[in-house]
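Asker: Sequence first, then the predicted structure:
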Amino acid sequence: MKDFIDRHIQKLEDAFVKLFQKSLEPGQKLMSYYRCALMAVETKFNILNEEFSLVHERNPIETIKTRIKTPDSIRKKLRKKGLPLTIDLIEKNINDVAGIRVICPFIDDIYVLTDCLVNQDDVTLFEKKDYIARPKENGYRSLHLIIAVPIYLHNEKKLMKAEVQLRTIAMDFWANLEHRLRYKKDINDETAKKIAAELNECAETSAMLDSKMRQIRDNIETNV
Ligand code: 0O2
């Protein structure tokens, strides 16, 4: 009798695991497509970096970082938009599930790379936000693009969206520290205001540094 019950429980457990795996499959598939999109976009930037270095003897890209949004963060974003968590709604409403951050030495590298990328005939540009020309109120600077690129699967081609953030090393330094400080708790309103003003001042200083470094580079290049 005990054997019979154990076998029955085992069968039920196996069926439950299969059902659970099946319910996860569509989500895992979608995340895998987003990972493919990141590979495709990263390769595009690596190719541009390689070619630029042949022509100009320097690299316009310092580092590339990629990330897939966590399920929790996707859920929160959908909830903020008043939407339930479904595969279709993720694809339609969340543009930054796949995110790629390109860090450049100089500001003009950002614009050259952006033009080269969006002019490629398999890249669709949906949105461009230039927070360098028009920084956010807190001082945040970066250039954001929402694009779609094709990924070629064994039996189909899928267009996948990705968010590209392009920044200089100085902008990245500022954004990383500001992001960390933003989540510090137990700061009273007055101190928070003071910190915000100081961060804004740092953003200005870092923008001046970017512009000065570019001038120095131009001077060196014209005197070589
Ligand atoms: P994570 O973890 O970095 O991805 P949306 O994304 O459309 O809902 P919004 O504000 O229209 O929201 O998008 P926007 O302005 O293009 O900015 C989205 C991303 O840019 C953020 O992603 C940050 O990565 C970065 N960002 C924007 N503003 C700031 C800022 O003031 N400081 C810092 N440090 N980063 C910023 P997420 O979604 O916040 O998260």
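Answerer: Looks like it came in fine.
Asker: so, in contact with the ligand or not, stretch 48-67?
Answerer: No: applying C-beta under 6 Å from any ligand atom, one finds stretch 48-67 separated from the ligand by no less than 7.2 Å. Where you see a C-beta, it was placed from the backbone N, CA and C, and this is true even at glycine.
Asker: Check which helices and strands the longest helix along the chain is in contact with.
Answerer: Longest helix in the chain, counting residues (DSSP state H): helix 2-56. Packing partners of helix 2-56 (3 or more C-beta pairs under 8 Å, 6 or more residues apart in numbering; DSSP states H and E): strand 63-68, helix 87-93, strand 98-104, helix 107-118, strand 143-152, strand 157-168.
Asker: Give me the mean pLDDT for it.
Answerer: Helix 2-56 shows a mean pLDDT of 83.
Asker: how distant is that helix from the center of its chain?
Answerer: 19 Å (C-alpha atoms, centre = their mean, to the nearest Å).
Asker: what angle separates it from strand 63-68?
Answerer: Going by axes from the mean of the first three to the mean of the last three C-alpha atoms, to 10 degrees, helix 2-56 is angled at 150 degrees with respect to strand 63-68.
Asker: Close to the ligand: what parts of this protein are there?
Answerer: Taking C-beta under 6 Å from any ligand atom, the part of the chain that reaches the ligand is made up of 96, 99, 129, 136, 138, 140, 144, 175, 178-179.
Asker: try 5 Å this time
Answerer: Contact residues (C-beta under 5 Å from any ligand atom) of the chain with the ligand: 140, 144, 175, 178-179.
Asker: got a winner among those for most neighbours?
Answerer: Most neighbours among the residues of the chain next to the ligand, by other C-beta atoms under 10 Å: residue 175, with 20 neighbours.
Asker: Could you list the low-confidence segments of the protein?
Answerer: 1, 13-24, 224 (pLDDT under 70).
Asker: Report the central residue of it.
Answerer: For the chain, the residue nearest the mean C-alpha position is residue 99 (2.3 Å; C-alpha atoms, centre = their mean).
Asker: That residue bridge partners, please.
Answerer: Note on residue 99: beta-bridge partners by DSSP bridges are residue 67, residue 163.
Asker: Would you check that it makes contact with residue 66?
Answerer: Yes: in this structure residue 99 lies within contact range of residue 66 using C-beta atoms under 8 Å: 6.9 Å.
Asker: Show me the common contact partners of those two, please.
Answerer: residue 38 (C-beta atoms under 8 Å, 6 or more residues apart in numbering).
Asker: before we move on, back to that, which of the helices and strands packed on helix 2-56 sits closest to residue 74?
Answerer: Nearest to residue 74, of all the helices and strands packed on helix 2-56, is helix 87-93, at 6.0 Å by C-beta to C-beta.
Asker: For residue 54, see how far away the closest residue to residue 48 other than its chain neighbours is.
Answerer: Spatial nearest neighbour of residue 48, chain neighbours left out: residue 116 (5.3 Å); criterion: C-beta to C-beta, 6 or more residues apart in numbering. Relative to residue 54, residue 116 is positioned 14 Å away (C-beta to C-beta, to the nearest Å).
Asker: just residue 40 next, same as before
Answerer: For residue 40, the distance to residue 54 (C-beta to C-beta) stands at 22 Å.
Asker: out of these two, which sits in the more crowded spot?
Answerer: A direct count of neighbours by other C-beta under 10 Å for residue 40 and residue 54 places residue 40 higher, at 18 against 7.
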